[in-house]
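1. based on what follows, work out the 3D shape:
(chains A and B)
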Protein chains: 2
Amino acid sequence: MVPIGVADGRQRAVIDAVLPSVDSGRFAAKCVAGEPFAVQANCFAEGHDVLRVMLQWRRDDDERMHEVPMALKWNDEWHASFTPPTPGRYHYTVCAWVDALASWHHELVRRVDAQDIRIAARVGAAEIAAAASRASAANAADARQLRDWAQSLERGAADSALDSAELKARALDPALTQIAQRYPDRQHASTLAPGFPLVADRERARFSTWYELFPRSAGQQPGRHGTFADVQAQLPRIQRMGFDVLYFPPIHPIGREQRKGRNNALSTEEGDVGSPWAIGAAEGGHKDILPELGTHEQFRALVQAARAHGMEIALDIAFQCAPDHPYVKEHPAWFKWRPDGTVQYAENPPKKYQDIYPFNFETEDWPAMWAELKSVLDHWIAQGVAVFRVDNPHTKAFPFWEWAITEVKRRHPEVIFLAEAFTRPKVMHRLAKLGFTQSYTYFTWRNSKKELTEYFTELSTSPGLDYFRPNVWPNTPDILHESLQNGSPAQFKARLVLAATLSASYGIYGPAYELLEHLPRNPGSEEYLDSEKYQLRHWQLDAPHSLEGFIAHVNAIRHAHPALQRNDTLEFLAVDNAQMLAFLKRSADGRDVIVTVVNLDPWNTQIGWLELPPELIDVGSEEPFQMHDLLGGQRFRWQGARHYIQLNPWEAPAHVMQLRRHVRTERDFDYFQ
Amino acid sequence: MVPIGVADGRQRAVIDAVLPSVDSGRFAAKCVAGEPFAVQANCFAEGHDVLRVMLQWRRDDDERMHEVPMALKWNDEWHASFTPPTPGRYHYTVCAWVDALASWHHELVRRVDAQDIRIAARVGAAEIAAAASRASAANAADARQLRDWAQSLERGAADSALDSAELKARALDPALTQIAQRYPDRQHASTLAPGFPLVADRERARFSTWYELFPRSAGQQPGRHGTFADVQAQLPRIQRMGFDVLYFPPIHPIGREQRKGRNNALSTEEGDVGSPWAIGAAEGGHKDILPELGTHEQFRALVQAARAHGMEIALDIAFQCAPDHPYVKEHPAWFKWRPDGTVQYAENPPKKYQDIYPFNFETEDWPAMWAELKSVLDHWIAQGVAVFRVDNPHTKAFPFWEWAITEVKRRHPEVIFLAEAFTRPKVMHRLAKLGFTQSYTYFTWRNSKKELTEYFTELSTSPGLDYFRPNVWPNTPDILHESLQNGSPAQFKARLVLAATLSASYGIYGPAYELLEHLPRNPGSEEYLDSEKYQLRHWQLDAPHSLEGFIAHVNAIRHAHPALQRNDTLEFLAVDNAQMLAFLKRSADGRDVIVTVVNLDPWNTQIGWLELPPELIDVGSEEPFQMHDLLGGQRFRWQGARHYIQLNPWEAPAHVMQLRRHVRTERDFDYFQ
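-> Numbers count the residues shown, from 1 in each chain, chains lettered A, B, ... in the order given. Coordinates of the predicted model:
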């Protein structure tokens, strides 16, 4: 008798287009614990009845579903938000129903005919009596009040001496209406199943400042292999620069078979240390430490010391093996053997990794291999690591990452995974969707005003915004971009300011960056000459040309300004000069507003007129306001929409300006010459 | 042992972002049987292995799954199409796998080292031998060839006398490769489940031309109630005008209780016929015919006669009841009774329908009510009707429509449902998603160049394009738009040309439209004076000012030109005059190109320069081409990008120009003065 495929035809409320929605709930959206997560949905029913709509949410490991009423904004769009209290995996969905009592109330408001009002009062009396029954189990006092109200309407409707306007007022009683609303009839409510997953991370997932170094180059004398203790000695310096994640390339034993020599040579010389990404040797594999660096105990001590300096250690997870990695002998089934008894080495064309065997993700023994790889993560988490930079995740099977990240975060929701995938756009997005907390980007290769504008517009808008958190790097051990190869300090500064202000998370590979290291292995190459990937380096950290102070200044501004700690408020501003890039960011509460202008030309002073529509920053067109350049210290008094900007790269390639709206007296201003 | 929630970790191929996808497959996309339906998906796997991707599809009632290989276009986007042979409900999905043989082939191509080639030959021999085993059950000859090939590679690899280039050529043998590709190893293929529903309609769903008339006004003498026979007499006239759907307001017995008088009066006078939307009286309800119009037999005769004239009859489905509809007594549970024993009449604010009871979609007896309402559709389908215009579907429960349309189309996939919902945008989209074949639009109220450009851009692009098929009307019995109230023939012509060329489906309410009926019931009203909704009218069909000839001409152009029979190719063109709207449409094969330019000012000649970039129409910038105005008959010889247009509304408010690229001689041209 009941129509096929229809549970209850009386579920009249429609819920459509819930946002955020990553592939209709196939993947989790991302947010930060302790911060409101905003949800919207299109909800309506046939006709003109009044809807009530609830945003429902719960932590995955929690039985209890929480509810937040959603409010109609316009055009059938309902909005609400909730704040996941702690990091973890959540679900949210939307529930809606046609509310008979609210519909009756809404309709009564516009009734004027006395007879209509009398009928309506009787209709309402029945609805209110039903609400009273629903209330009775929960709150006897409410139930009594509602019953009395229902009876008074019933009596009033029958009493021809009672003025209909008075009866109407009685029926619209605001206090009683409020009570009745607590006991809605939800038996025909629609709920969108199965809902939408959400990952709430800790704040560092949204806002982080990374510094990468090779511990083996931290040796305090030239030629001496660095140790964890040497790194520990550098912590105050790195903390002063304002970094909060200190990231190391792999720290494991390095293979001896097929070991690479300096500058990627295929043969080694005496004393060559090999690439840290060629993981595994007689001393052990992914759960072991290169003896020259130190012991597990020393590593844990470093993790503690870093924490004391406001930093945490990030490890590099490179799931691949040197030919002499213990896995190769213990688990030959995890590799793809050719008829000649060899394994084809790893490649990421045009790069060749002759010293590395890839895992075979088509092995029949995949369950054991997955379990073992995940146990590597667990091992380092047990040592106090909660941030992983994952090397080339796009060369390992995607289903593995989805499972491993979800499983790790189920027990350790604080863990952050950064995907080091410099690959095709859809692949990078998939990795972010399936669970990577942050993602490397194309920033390194986006240099012109047009490129930067287009790319960061994409990164700061939905759908990507809902799951893809960019972490931008002006350089990495693999990438010395052509634009840095001139060694211009202005270029290094400009790229750093762009990274630090366009993106809430960024990082540099140092000390190469602050020391303006800029020689390529050969012309046209993006590889560093004498790269630390294949040899020890000794860095003169106190060199006079070091950008250490500049970087500290920029990072201090980032830490002080919530506007720079998020990506979703980014707006590009017009400047009539193709060498000048300008953009505005604001904090969630709108109180912190930062306008950055960067001169992209490292050699010449550039001037331009910046368009800053006063309404965009909530000032009147006649109202003066102050722009305080936090980088240069100047304070500009501006008014109106167009403003003159001049940037000499030899002095400062950028303004990072804070808007100050409330200026008390003229004397507060320093005028810029 | 197997990781939780993972069926097989070796399913390495990723399938992402399948398009079209209406809410990730919650609703069906729409297409036309016999026409290719294009699908794309982002597919990739980790690393650099070669993927094979298949588009899979089947008719819902068919066991067999068909497969079409998808081709990589760029940026991990794979494309293919299939042609649903018959109207019906289909499913499609995408299947992808990492192809070991193709990956081996791809890699071998770039190998140059002799030793590498020898190893690769042995790897390939094993893969080919496996393909031979897979082939053996299906095709013994193929299996033998593959086995021989594998052995020849194995032998060649071992034969140090064989040149490695020759061995490589043998391994890349194109004919044998093609055979091997027929037997891929698909054991770890990924298939996106549950896939995506698709409704294939007949062609009229995409391209239709509607004419609405009140049969009761078809009487051949003033004051005489029209009959189906009278309508039959008009068929040649309507066919000449080029319409293919003839649509009637409800043809059922009209209620006597609360019957409305002329011009929506609340009381009737002797002889008042009432509103056909107040359905049901002693004579019967939704399955019966108003006796004055004729019998079921006469109706079926009319359906047949219309078919003989290339037309089909569309009925109005208005699920609501006059107070004396038999349902009201037989099924009181289907209505919402107030304590005073009355039912609140229907409203669609500000409109009040005092002569109509709405159904109560919250009735406990909903299964019986749904079944009865659907049986109304079945009843008329049995009389030969296959097109329904559904009155105010947004005032009936959405789940009902989704069920009823799906059920009806399961047995009668040829049926077309037009949603007459003039309501809020998300509601209109929901109705289209849940199954309505075509949808009324806001065209009637979109008059300026900006409004028309924005609205039709939205209608001709995804996601709406995938499920929302507009049917645009310059007038309806309910809507005499203000812009038509001046009665200007140029305005009536311009709005008709816009409807007929902007949208593949359009309709008019006649004979009011072609006879320039333009007086409102009162100033500021969109209601017609002396509306047929409440009274008989007698139309002077041969009036000299009738637009009959003009309409016939426009519709003949539509029928001759596939470019005008679809919406997805619409492109607006720039004209430097805000009163002139220009746009281009082309057929699926690109051979038919139509440029329409409309003067939106019904009083004054407008001139302007039209921008028609030569590359847009695939002609060289130096190459002359002809634009043949199919409406006015002139032929313009154009060249380059900017073209002068002059339109005098008193002559013709529009050009509808066909591009003719291949001009033989100068003599073919008539120059426009």
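2. only C-alpha atoms from now on, for both contacts and neighbour counts.
-> Will do.
3. which parts of the stretch 51-200 of chain A sit against chain B?
-> A:75-76, A:119, A:122-123 (Cα under 8 Å from any Cα of the partner chain).
4. most neighbours of all these, which one?
-> residue A:122 (24 neighbours; other Cα atoms under 10 Å in any protein chain shown).
5. and the nearest residue to it once chain neighbours are set aside, what helix or strand is that in?
-> Leaving out its chain neighbours, the residue that sits closest to residue A:122 by Cα to Cα, 6 or more residues apart in numbering or on different chains is residue A:154, at 5.5 Å. Applying DSSP states H and E as the criterion places residue A:154 in helix A:140-158.
6. thought residue A:482 was touching residue A:528?
-> No: look at residue A:482 against residue A:528 with Cα atoms under 8 Å: they stay out of range, at 10.8 Å.
7. of those two, who's got more company?
-> Using other Cα under 10 Å, the more surrounded residue of residue A:482 and residue A:528 is residue A:528, with 23 against 18.
8. roughly how far apart are residue A:576 and residue A:643?
-> 11 Å (Cα to Cα, to the nearest Å).
9. typo on my end, it should be residue A:184
-> Remark: distance between residue A:184 and residue A:643 (Cα to Cα) = 56 Å.
10. so the two - more neighbours on which side?
-> Just comparing residue A:184 and residue A:643: by other Cα under 10 Å the higher neighbour count belongs to residue A:184, 20 against 15.
11. the more buried one reaches residue A:98, doesn't it?
-> No: with contact defined as Cα under 8 Å, residue A:184 does not count as touching residue A:98 (9.7 Å).
12. ok, how many other residues are close to the residue of the stretch 251-400 of chain A found nearest chain B?
-> Nearest residue of the stretch 251-400 of chain A to chain B, counting by Cα to the nearest Cα: residue A:395, 4.2 Å away. Neighbour count of residue A:395, defined by other Cα under 10 Å: 22.
13. just to check, it is in contact with residue B:47?
-> Yes: applying Cα under 8 Å, one finds residue A:395 in contact with residue B:47, separated by 4.2 Å.
14. which residues sit in contact with the closest residue to residue A:227 other than its chain neighbours?
-> Nearest residue to residue A:227 in three dimensions, chain neighbours excluded: residue A:293, at 4.2 Å (Cα to Cα, 6+ apart). Taking Cα atoms under 8 Å, 6 or more residues apart in numbering or on different chains, we find residue A:293 in contact with A:215-216, A:225-228, A:251.
15. which residues in the stretch 351-500 of chain A form strands?
-> A:351-353, A:357-358, A:387-391, A:416-420, A:438-439 (DSSP state E, counting those that start in this stretch).
16. of all these, which one comes closest to residue A:109?
-> strand A:438-439 (52.0 Å; Cα to Cα).
17. list of residues touching that closest one?
-> Residues contacting strand A:438-439 (Cα under 8 Å, 6+ apart): A:205, A:416-421, A:428, A:432, A:468-471.
18. again, but for stretch A:191-201
-> If you take Cα under 8 Å, 6+ apart as the criterion, stretch A:191-201 is touched by A:15, A:21, A:24-33, A:84, A:86-96, A:413-414, A:416.
19. please repeat the previous calculation with a cut-off of 6 Å.
-> Outside of stretch A:191-201, the residues within contact range by Cα atoms under 6 Å, 6 or more residues apart in numbering or on different chains are A:25, A:28-33, A:87-95.
20. for stretch A:583-599, same thing?
-> A:562-563, A:569-573, A:579-582, A:653-659.
21. re the thing from before, kindly reformat the contacts of residue A:293 as TSV containing neighbour count, secondary structure and pLDDT.
-> Formatted as TSV, the contacts of residue A:293 follow (neighbours: other Cα atoms under 10 Å in any protein chain shown; DSSP: H, G, I helix; E, B strand; the rest coil; pLDDT from 0 to 100):
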residue	neighbour count	secondary structure	pLDDT
A:215	22	helix	98
A:216	27	helix	98
A:225	20	coil	97
A:226	23	coil	98
A:227	23	coil	98
A:228	23	helix	98
A:251	27	coil	98
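22. now, the most widely separated pair of those?
-> Pairwise distances across the contacts of residue A:293 (Cα to Cα) peak at 12.7 Å, for the pair A:225 and A:251.
23. pLDDT on stretch A:315-324, on average?
-> If you average the pLDDT over stretch A:315-324, you get 98.
24. quick check: end-to-end length of that stretch?
-> One end of stretch A:315-324 sits 22 Å from the other (Cα to Cα).
25. check stretch A:503-517 too.
-> End residues of stretch A:503-517 are separated by 23 Å (Cα to Cα).
26. burial count for residue A:160?
-> Residues near residue A:160, counting by other Cα under 10 Å: 10.
27. mind checking how far it is from chain B?
-> Separation of residue A:160 from chain B (Cα to the nearest Cα, to the nearest Å): 15 Å.
28. now tell me what touches the helix or strand of chain A with the lowest mean pLDDT from outside.
-> Lowest by mean pLDDT, DSSP states H and E among the helices and strands of chain A is strand A:346-348, with a mean of 82. With contact meaning Cα under 6 Å, 6+ apart, strand A:346-348 is reached by A:353, A:356-358.
29. out of those residues, which is most surrounded?
-> Most neighbours among the contacts of strand A:346-348, by other Cα under 10 Å: residue A:356, with 27 neighbours.
30. quick one, helices of chain A?
-> Secondary structure of chain A (DSSP state H): helices at A:100-109, A:114-136, A:140-158, A:164-171, A:174-181, A:228-240, A:296-308, A:326-330, A:366-382, A:398-411, A:425-434, A:449-459, A:489-502, A:548-560.
31. in the fourth one, what counts as buried?
-> Read that as helix A:164-171. Within helix A:164-171, the residues scored as buried using 16 or more other Cα atoms under 10 Å in any protein chain shown are A:164, A:167-168, A:170-171.
32. show the average pLDDT along that helix.
-> Across helix A:164-171, the average pLDDT comes to 95.
33. again with the second one
-> When pLDDT is averaged along helix A:114-136, the result is 95.
34. for that helix, name the packing helices and strands.
-> The contact analysis (3 or more Cα pairs under 6 Å, 6 or more residues apart in numbering or on different chains; DSSP states H and E) places helix A:114-136 against helix A:140-158.
35. send the alpha carbons of the helix it packs on over as PDB?
-> C-alpha atoms of helix A:140-158 as PDB (Å, rounded to 0.1, in the frame of the first residue of the first chain):
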ATOM      1  CA  ALA A 140       4.600  19.900  34.000                       C
ATOM      2  CA  ALA A 141       4.600  23.700  34.500                       C
ATOM      3  CA  ASP A 142       4.900  24.400  30.700                       C
ATOM      4  CA  ALA A 143       2.300  21.700  30.000                       C
ATOM      5  CA  ARG A 144      -0.100  23.400  32.400                       C
ATOM      6  CA  GLN A 145       0.500  26.900  30.900                       C
ATOM      7  CA  LEU A 146      -0.100  25.600  27.400                       C
ATOM      8  CA  ARG A 147      -3.200  23.700  28.400                       C
ATOM      9  CA  ASP A 148      -4.600  26.800  30.000                       C
ATOM     10  CA  TRP A 149      -3.700  28.900  26.900                       C
ATOM     11  CA  ALA A 150      -5.500  26.400  24.700                       C
ATOM     12  CA  GLN A 151      -8.600  26.500  26.800                       C
ATOM     13  CA  SER A 152      -8.600  30.200  26.900                       C
ATOM     14  CA  LEU A 153      -8.500  30.400  23.100                       C
ATOM     15  CA  GLU A 154     -11.200  27.800  22.800                       C
ATOM     16  CA  ARG A 155     -13.400  29.800  25.300                       C
ATOM     17  CA  GLY A 156     -12.500  33.100  23.600                       C
ATOM     18  CA  ALA A 157     -13.500  31.800  20.200                       C
ATOM     19  CA  ALA A 158     -16.900  30.700  21.500                       C
END
